[in-house]
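Colleague: Sequence first, predicted model second:
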Amino acid sequence: MDTIINFMKRNYKILIAVVLLSVTLFAFKINSFKSADPEKDKMLLELLTFVIEKGHYNPAKIDDTFSKGIYKDYLEGLDPSKRFFLQSDIDEFSKYETLLDDQLLNKDLTFFNLTYNRLMKRMGEGKEYYKNILSTRFNYSVDETFNTDYEKAPYAKNAQELKERWRKQIKLSTLSSLTDRLKIQENKEKGIVENDVKKADEELKPGEFVSGLEKSQNDKSIDDKPKSLEELEKITRESSLKSLDEYFGFMEELTRDEWFSIYINAITARFDPHTNYFPPEQKESFDVSISGKFEGIGARLQKKNDFTEITELISGGPAWRGKQLESGDVIIKVAQGNKEPVDIVGMRLNDVVKKIKGAKGSEVRLTVKKVDGSIKTISIIRDIVEIEETYAKSSVVERNGVKYGVIYLPKFYIDFENKDGRDAGKDVAAEVESLKKAGVNGIVLDVRDDGGGSLSTVVDIAGLFIEQGPIVQIKSAGRQKEVLFDKDKKIEWDGPLVIMVNSFSASASEILAAAIQDYKRGIIIGSKQTYGKGTVQNVIDLNQFVRSSDKGDLGALKTTTQKFYRINGGSTQLEGVSSDVVMPDRYAYLKMGERDVDNAMPWDKIDAAQYTIWTNNAKFNKAIADSKNRIAQNHQFKLIEENAKWIDQRSKEYDYSLKLEEFKKNQKAIEETNKKYKSIVDYNYHLKFSSLPLEAEAMKTDASLKEKRERWHESLTKDIYVEEALNILDDLQAKPVVKKSVSEALKNKKLVKS
């Protein structure tokens, strides 16, 4: 959600400002760092405070109110479920509530050291709690409840009360898992085999369960032989113990620096929600997310106890091409070329990743235990690995004799280090060109769940659909606004256009949707409004401001430097972009937008830019009206709206019975209600989506790509929102589309009954 719109790297005026800031900070180092505490944490605090105050669009005043915000955010970040700290700890911490602003300015780490040391102690105690709790059988006949509203829950008064909280939380977790296992067993006895058994309200249930609620359908402990309640109860405890051991193993791997980054981000968040500190590893991950590529072998890894296992090979990467590694292989040793291999058993996953990744052309040798039990050493030459899921993709569909194209853009990616590298602007242009060659009569551009990215690519993409003109306005603190233009008169696509958004379309997605809407170039459909992030962030490498240091990599700061505005003058901040056609959304009533985030910057407006509205839009108003009528009369959309209200209601329910029969009764009631909404996920309008020729050819030799595209095509034909987008494209055609109304009606009747 919080992806950068890195305009500064394309704007020379801002670059000059950064250079000036760099010079100032070098002077700052000379004048101040000599007398400062040499510890890395204090250096970071000093750097961060200075960079934010000099570079932030509207830096907050560092005072007692600021301090209270840090205090609240930090403690919530350390212990969100209130299962570690006691009230006595909070009483001790509370004297610092209004002192953190002073400690920040004085580079005083007293509060952090106190809370960090106390947390380590409490986590050690928590480990003993859960082991003792799970060593004995739970009594599910006792009539007791547990409330999962952790935000309103008080801290435990003493250790005994905290143990009781752990007991109830774990009991709820195991009870939920036990109920699932009982249901699976009952279904098997009835001859019912379910491919994907999930709790009816799995994604709706509020709160946090400690064990992670294992996927019991795939649990090896569940076989065809019926088990007694006592046996299943024991299995759930063993499974929960394993999950908690893995969770605490992960927590214990976190370094002090990683815990300190939580404290730093509690500080940066007081300026605005999108100003964050990136430790070195997170900065690298961020670079990968914005560019969609990295240098390495192309394998996804996960930690299993002391071992590192390969979970997936990235299609097209060196490991995938080599055909020697496979999912399930366990890495035992890593060697750099001909050097001595290093045993990585028990090593932190981040450290393992560092050893395996490396520069293009370099060799890494992995000693692995294969899935068949054999030990093998595999040599791999590292290369550029592209994460295919990052990039734009398109599909073609034909119905009623008319062909349409769908382009999905997951983010506005760019490679800032290589101007010839892939970026969203160039890739979407290529997809549009390919769709034109395929003879489509309309395009759907899907930016649902697209959290943003590079601002320059937004300008390029919007420019594909207009002749020329302004796309977005930019405002920096104390400066006149700047307007970014599409200056290319060429129009890549002048036909019917629909942009799909939802409440998770943010930042760059909102700029694109706003520009298309202001020009009246296309119709925006989706959630009532988009996310509402109207600010620009710049990532600043902190290492560039320190001439020499023995403290290692200092990471980077992402800070808000500008605000962007629609060409009509309005901001997308908080308000987002309102859809021309609002479609019922299962999560419409949940608070998940920028307006619901603490400390978000305010909405405002500036003067409009001069632009010429698209003239070939005579059918827009009628198409919008017809779509609204269809949605209002559509049984499926009515069901989605009803489901959304039910989800909102469920999200406010926090009390759960810990009595087996009562819990089963409540779960059954939820499942019965959920059956009413089953047709939402089962919906299918039975159209065939297909890849364009170039991709179809690649799929012949790339099984992974083929599988991913087939899954996507299947999801498209079950997506009622895409179906309505195609309906709108029908309505926008120059000649009326002759629809197969009889068969469509029969099909819809059949789907409703199912």
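Modeller: Done, it's in. Owing to the predicted nature of the structure, the values given are computational and were not obtained by experimental measurement.
Colleague: Next, count neighbours for Gln480.
Modeller: Gln480 has 7 neighbours, counted by other C-beta atoms under 10 Å. Every C-beta, even on glycine, is put in place using the N, C-alpha and C of the backbone.
Colleague: Please disregard the earlier target; I meant Leu241.
Modeller: 18.
Colleague: so what's it up against?
Modeller: Residues in contact with Leu241 (C-beta atoms under 8 Å, 6 or more residues apart in numbering) are 130-131, 134.
Colleague: Apply 10 Å and report the result again.
Modeller: Each residue near Leu241 by C-beta atoms under 10 Å, 6 or more residues apart in numbering is listed here: 130-131, 133-135, 170, 174, 211.
Colleague: most neighbours, which of the residues you listed?
Modeller: Top of the contacts of Leu241 by neighbour count (other C-beta under 10 Å): Thr174, with 27 neighbours.
Colleague: CSV please, covering the contacts of Leu241 and showing pLDDT, distance to Tyr96 and secondary structure.
Modeller: Below are these laid out as CSV (pLDDT from 0 to 100; distance: C-beta to C-beta, whole Å; DSSP: H, G, I helix; E, B strand; the rest coil):
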residue, pLDDT, distance to Tyr96, secondary structure
Tyr130, 96, 30, helix
Lys131, 96, 33, helix
Ile133, 97, 32, helix
Leu134, 97, 35, coil
Ser135, 96, 38, coil
Ile170, 96, 32, helix
Thr174, 94, 38, helix
Ser211, 37, 33, coil
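Colleague: Tell me the one among the residues you listed nearest to Met699.
Modeller: Nearest to Met699 out of the contacts of Leu241 is Ser211 (C-beta to C-beta; 39.5 Å).
Colleague: Relative to Leu660, which of the contacts of Leu241 is nearest.
Modeller: Nearest member of the contacts of Leu241 to Leu660, counting by C-beta to C-beta, is Thr174, at 10.7 Å.
Colleague: Just give the closest residue to the closest one, not the sequence neighbours.
Modeller: Thr236 (4.4 Å; C-beta to C-beta, 6 or more residues apart in numbering).
Colleague: Repeat that for His713.
Modeller: Phe689 (4.0 Å).
Colleague: I'd say the one you found and Tyr408 touch.
Modeller: No. Under the criterion of C-beta atoms under 10 Å, Phe689 makes no contact with Tyr408, lying 11.1 Å away.
Colleague: Now for those two: what residues contact both?
Modeller: Shared contacts of Phe689 and Tyr408, defined by C-beta under 10 Å, 6+ apart, comprise 394-395, 712, 716, 722.
Colleague: For these, could you give me JSON lines that also reports secondary structure and neighbour count?
Modeller: Shown next, in JSON lines, are these (DSSP: H, G, I helix; E, B strand; the rest coil; neighbours: other C-beta atoms under 10 Å):
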{"residue": "Ser394", "secondary structure": "strand", "neighbour count": "26"}
{"residue": "Ser395", "secondary structure": "strand", "neighbour count": "23"}
{"residue": "Trp712", "secondary structure": "helix", "neighbour count": "15"}
{"residue": "Leu716", "secondary structure": "helix", "neighbour count": "22"}
{"residue": "Val722", "secondary structure": "helix", "neighbour count": "25"}
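Colleague: so who does Lys293 touch?
Modeller: With C-beta under 10 Å, 6+ apart, Lys293 has these contacts: 287, 384-387, 390-391, 413, 415, 418, 421-422.
Colleague: burial count for Gln468?
Modeller: Neighbours of Gln468 under the rule other C-beta under 10 Å: 15.
Colleague: before we move on, what about Gln282?
Modeller: 16.
Colleague: What helix or strand is it located in?
Modeller: Gln282 is part of helix 280-291, with elements assigned from DSSP states H and E.
Colleague: same for that helix, what does it pack against?
Modeller: When contacts are defined as 3 or more C-beta pairs under 10 Å, 6 or more residues apart in numbering; DSSP states H and E, helix 280-291 packs onto helix 256-268, strand 276-278, strand 293-296, helix 349-356, strand 535-541, strand 556-565.
Colleague: Any chance of TSV for these, columns distance to Val501?
Modeller: Listed next are those as TSV, based on distance: least, C-beta to C-beta, whole Å:
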stretch	distance to Val501
helix 256-268	28
strand 276-278	25
strand 293-296	27
helix 349-356	35
strand 535-541	18
strand 556-565	17
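Colleague: okay if I get those as TSV plus mean pLDDT and distance to Asp149?
Modeller: Rendered in TSV, the data for those read as follows (pLDDT from 0 to 100; distance: least, C-beta to C-beta, whole Å):
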stretch	mean pLDDT	distance to Asp149
helix 256-268	93	22
strand 276-278	94	27
strand 293-296	90	40
helix 349-356	89	33
strand 535-541	94	31
strand 556-565	95	32
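Colleague: do you know which of these lies nearest Thr49?
Modeller: Thr49 lies closest to helix 256-268 among those, at 8.1 Å (C-beta to C-beta).
Colleague: got the angle between the closest one and strand 556-565?
Modeller: 30 degrees (axes from the mean of the first three to the mean of the last three C-alpha atoms, to 10 degrees).
Colleague: Could you tell me which residues within helix 256-268 count as buried?
Modeller: For helix 256-268, the neighbour count (16 or more other C-beta atoms under 10 Å) marks 257, 259-268 as buried.
Colleague: Which one of these is nearest to Leu44?
Modeller: Nearest to Leu44, judged by C-beta to C-beta, of the buried residues of helix 256-268 is Ile264 at 6.6 Å.
Colleague: so who does that closest one touch?
Modeller: Ile264 makes contact with 41, 44-45, 48, 70, 74, 112, 257, 276-279, 555, 557, according to C-beta under 10 Å, 6+ apart.
Colleague: For these, could you give me JSON lines that also reports distance to Gly298?
Modeller: Converted to JSON lines, the contacts of Ile264 look like this (distance: C-beta to C-beta, whole Å):
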{"residue": "Asp41", "distance to Gly298": "35"}
{"residue": "Leu44", "distance to Gly298": "33"}
{"residue": "Leu45", "distance to Gly298": "38"}
{"residue": "Leu48", "distance to Gly298": "34"}
{"residue": "Ile70", "distance to Gly298": "40"}
{"residue": "Tyr74", "distance to Gly298": "37"}
{"residue": "Phe112", "distance to Gly298": "38"}
{"residue": "Asp257", "distance to Gly298": "28"}
{"residue": "Asn276", "distance to Gly298": "28"}
{"residue": "Tyr277", "distance to Gly298": "29"}
{"residue": "Phe278", "distance to Gly298": "23"}
{"residue": "Pro279", "distance to Gly298": "24"}
{"residue": "Gly555", "distance to Gly298": "25"}
{"residue": "Leu557", "distance to Gly298": "30"}
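Colleague: Can you name the residues in contact with the particular helix or strand that has Glu92 in it?
Modeller: Under the criterion DSSP H and E, the helix or strand holding Glu92 is helix 87-93. For helix 87-93, contacts defined as C-beta under 10 Å, 6+ apart pick out 71, 74-75, 79, 82, 85-86, 97, 111, 114-115, 118-119, 121-122, 154-159, 161-162.
Colleague: Now, the residues you listed that are in helices?
Modeller: Residues of the contacts of helix 87-93 located in helices (DSSP state H): 71, 74-75, 111, 114-115, 118-119, 121-122, 159, 161-162.
Colleague: where does Arg479 land in three-state SS?
Modeller: State at Arg479, reduced to three classes by DSSP: H, G, I helix; E, B strand; the rest coil: coil.
Colleague: show me what contacts the nearest residue in space to Arg630 that is not next to it in sequence?
Modeller: Distances taken as C-beta to C-beta, 6+ apart place Asn727 nearest to Arg630, at 6.4 Å, with adjacent residues excluded. For Asn727, the contact set (C-beta under 10 Å, 6+ apart) comprises 399, 498, 525, 623, 626-627, 630-631, 737, 739.
Colleague: ok, the closest residue to Pro154 other than its chain neighbours to Glu144 distance?
Modeller: In space, Pro154 comes closest to Gln87 once its chain neighbours are excluded; the distance is 7.0 Å by C-beta to C-beta, 6+ apart. Gln87 sits at a distance of 22 Å from Glu144 (criterion: C-beta to C-beta, to the nearest Å).
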